[in-house]
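**Student:** give me coordinates for this.
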Amino acid sequence: MSSATWLYRAFEVSQIVVILLYCLFRHISCLEGYWIESTSLRNYQPDSKLVSTTASSHYACMMQCLMTDGCCFISYVTVNSTCVRHLGMGNVQSQESSSVWYIINDDNCPCGWHRFEASCFLFTNIYMTWNDSVAYCRILDARLAEADSKKKDSFIRGIAATTSGSFWLGGSDSDQENTWLWTASNLSMTKYDNWAPTNPNNYGGQGENADCICIGSWLKFYWDDCNCWEEQAPVCEKPVI
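**Tutor:** From the prediction side, this is the model:
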């Protein structure tokens, strides 16, 4: 190993030691959790920038995040040493040589996600069509949430009801009218559903093919069939880490 390589390795180790010491003296959550890279977000960068600075490495960027109230994750661009600290997940855009690192909480979910049983859920506040929501969750190594049991549905509705938002779930009958499926798992809804009274009704019986499930305050977060081109916020779901 060359002297330059040895010095770089020693520098990386020193950055980790500094992070751990900072956590120790501040008594913050990095002693309970850890960092993990989102491989699906390589060469992407979320637009939810909290603050942007420079840092000598992604380890140094992590330390900056830990010293920033509300910072949940970082994106680090190696070509120009840009360290972006993020409050929460927003939309994503292409960014060459960028990597994204999450703080994993002690419940084994990324910072900003909510755990229920063996899944982590992200309730976003960015509005897009149902198809774009499917693609968005996929970039996060997730799927649109599937409320396939009474307990999970109650959990999703409970958190959704604390917001002023409206949300997409992962159910659709776009392949065959009136045959509703959880599309990511290809499971039918014969065992459980939670439609609002008179739903599904093709957008209030106006003759439109409202093929995607949404929830919102207008029906007390019971299921509604909405036009897939409408814009709601995706609820993403992925297994615990």
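**Student:** how does this structure divide into domains?
**Tutor:** 3-104, 114-239 (automatic domain parsing).
**Student:** can I get the ones you listed in TSV including mean neighbour count and mean pLDDT?
**Tutor:** In short, each C-beta sits where N, CA and C put it, glycine included. Converted to TSV, these look like this (neighbours: other CB atoms under 10 Å; pLDDT from 0 to 100):
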stretch	mean neighbour count	mean pLDDT
domain 3-104	16	78
domain 114-239	18	94
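**Student:** and the helices in this protein, which stretches?
**Tutor:** 3-26, 58-66, 130-139, 150-160, 202-205 (DSSP state H).
**Student:** same for the third one, what does it pack against?
**Tutor:** In this case it means helix 130-139. strand 143-144, strand 167-172, strand 233-239 (3 or more CB pairs under 8 Å, 6 or more residues apart in numbering; DSSP states H and E).
**Student:** return the distance of it from the chain's centre.
**Tutor:** Chain-centre distance of helix 130-139: 11 Å, with CA atoms, centre = their mean, to the nearest Å.
**Student:** ditto for the shortest one
**Tutor:** Remark: helix 202-205 is offset 31 Å from the chain centroid, using CA atoms, centre = their mean.
**Student:** and the contacts of it?
**Tutor:** Contacting residues not belonging to helix 202-205 are listed as 208-210, 225-227 [CB atoms under 8 Å, 6 or more residues apart in numbering].
**Student:** do that again at 7 Å, thanks
**Tutor:** The contact list for helix 202-205 (CB atoms under 7 Å, 6 or more residues apart in numbering) reads 208-210, 225, 227.
**Student:** go on, the third one?
**Tutor:** Defining contact as CB under 7 Å, 6+ apart, one finds that helix 130-139 is touched by 40-41, 44, 92, 128, 143-144, 168, 212, 228, 234, 236.
**Student:** just give me the closest of those residues to L50.
**Tutor:** V92 (15.5 Å; CB to CB).
**Student:** so how far is F221 from the nearest residue to T179 once chain neighbours are set aside?
**Tutor:** Distance criterion CB to CB, 6 or more residues apart in numbering; nearest residue to T179, sequence neighbours excluded, is D173 at 5.5 Å. For D173, the distance to F221 equals 20 Å [CB to CB, to the nearest Å].
**Student:** and if you look at N201?
**Tutor:** On the measure of CB to CB, N201 and F221 end up 17 Å apart.
**Student:** ditto for S40
**Tutor:** Taking CB to CB, one finds S40 at 29 Å from F221.
**Student:** swap in D175?
**Tutor:** D175 is 26 Å from F221, by CB to CB.
**Student:** beta partners of the residue lying closest to C61 once chain neighbours are set aside?
**Tutor:** What sits nearest to C61 in space, not counting adjacent residues and going by CB to CB, 6+ apart, is C83, at 3.6 Å. In this entry, C83 is beta-bridged to T53, Y76, by DSSP bridges.
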